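Engineer: how does the following fold in three dimensions:
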Amino acid sequence: MKKILSILALSLALLTMLMMSGCASNSSDKKADSSSTSVMATAHAQENSKVLVAYFSWGGNTRRLAQEVKRITGGDIFEIATEQPYPTSYHACVSYAKEERANNIHPALKNPKVTNLQDYDTILIGFPVWWYDAPMAVFSFLDENDLSGKNVAFFATSGGTQLETCMPRLRKALPNSRILEGITANGVDIYPWLNGLGLAK
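Structural biologist: Below is the predicted model:
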């Protein structure tokens, strides 16, 4: 009798273990399904994002690039312009920009705020790299416009410095934004970048 009870107990234990294993497997499958749905939802949200292309340009290169970004994404465009224009002479502008950066001066902007910022999900910000950093006018724009909860990506024109050199300070200025992959766009095709973000129309 004891032998039969032992066999029954062992069988019951094995059955319980199998049932628990099945539940764990189902739970993992549900988590995996949930995760997949989340990734798909994020990609879908990006594809249907309303895009704002904000840019600062001195010599015109970044302006032309921003217009191309606007064309590819179908987004709206916003120029970041300072109240006091930068010197038109290259060497004078270089010195002026160096002093601004050294003293952390955030210059006043002509039109500091995007009036309908709440309408945009994704903000693409373009600038020329100055002294291994974004121009201080870009930081003025970030001061004036709360991009919390927004998707933000940067595109830069440069004589050689890569965008990633600028990113530590930009990330610090945007602690509550989702930073997407940016690009150093020196004569490269920007369509694959925008398409990879799900923003090309």
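
Engineer: count of neighbours near the nearest residue to Asn111 once chain neighbours are set aside?
Structural biologist: Distance criterion Cβ to Cβ, 6 or more residues apart in numbering; nearest residue to Asn111, sequence neighbours excluded, is Ala81 at 7.1 Å. C-beta coordinates here come from the backbone N, C-alpha and C atoms, glycine included. By other Cβ atoms under 10 Å, the residues close to Ala81 number 17.

Engineer: I'd say Ala81 and Pro107 touch.
Structural biologist: No. Contact criterion Cβ atoms under 8 Å: Ala81 and Pro107 do not qualify, at 10.0 Å.

Engineer: show me what the helix or strand Val53 falls within is packed against.
Structural biologist: Element membership for Val53, per DSSP states H and E: strand 51-55. Under the contact criterion of 3 or more Cβ pairs under 8 Å, 6 or more residues apart in numbering; DSSP states H and E, strand 51-55 touches helix 61-73, strand 76-79, strand 122-128.

Engineer: and after the last one, which helix or strand comes next?
Structural biologist: What it means is strand 122-128. Next helix or strand after strand 122-128 toward the C-terminus (DSSP H and E): helix 136-144.

Engineer: partner strands of the helix or strand following that next one, with direction?
Structural biologist: Remark: after helix 136-144, the chain's next helix or strand is strand 151-157, criterion DSSP H and E. In the sheet, strand 151-157 lines up against strand 122-128 (parallel), strand 178-179 (parallel), strand 183-184 (parallel) (DSSP bridges).

Engineer: residues contacting Val114?
Structural biologist: Going by Cβ atoms under 8 Å, 6 or more residues apart in numbering, Val114 touches Leu52, Ala54, Phe78, Tyr120, Asn145.

Engineer: how close does the residue nearest to Asn111 get to Phe56?
Structural biologist: 8 Å (Cβ to Cβ, to the nearest Å).

Engineer: give me the common contacts of those two.
Structural biologist: Ala137.

Engineer: wait, Pro107 touches Val138, no?
Structural biologist: No. Assessed by Cβ under 8 Å, Pro107 is found out of contact with Val138, at 10.3 Å.

Engineer: the more surrounded of those two?
Structural biologist: Legend: neighbour count by other Cβ under 10 Å for Pro107 and Val138, higher for Val138 (26 against 16).

Engineer: pull the contacting residues for the more buried one.
Structural biologist: Phe56, Ile80, Ile125, Phe127, Leu170.

Engineer: 6 Å - rerun?
Structural biologist: Phe56, Phe127 (Cβ atoms under 6 Å, 6 or more residues apart in numbering).
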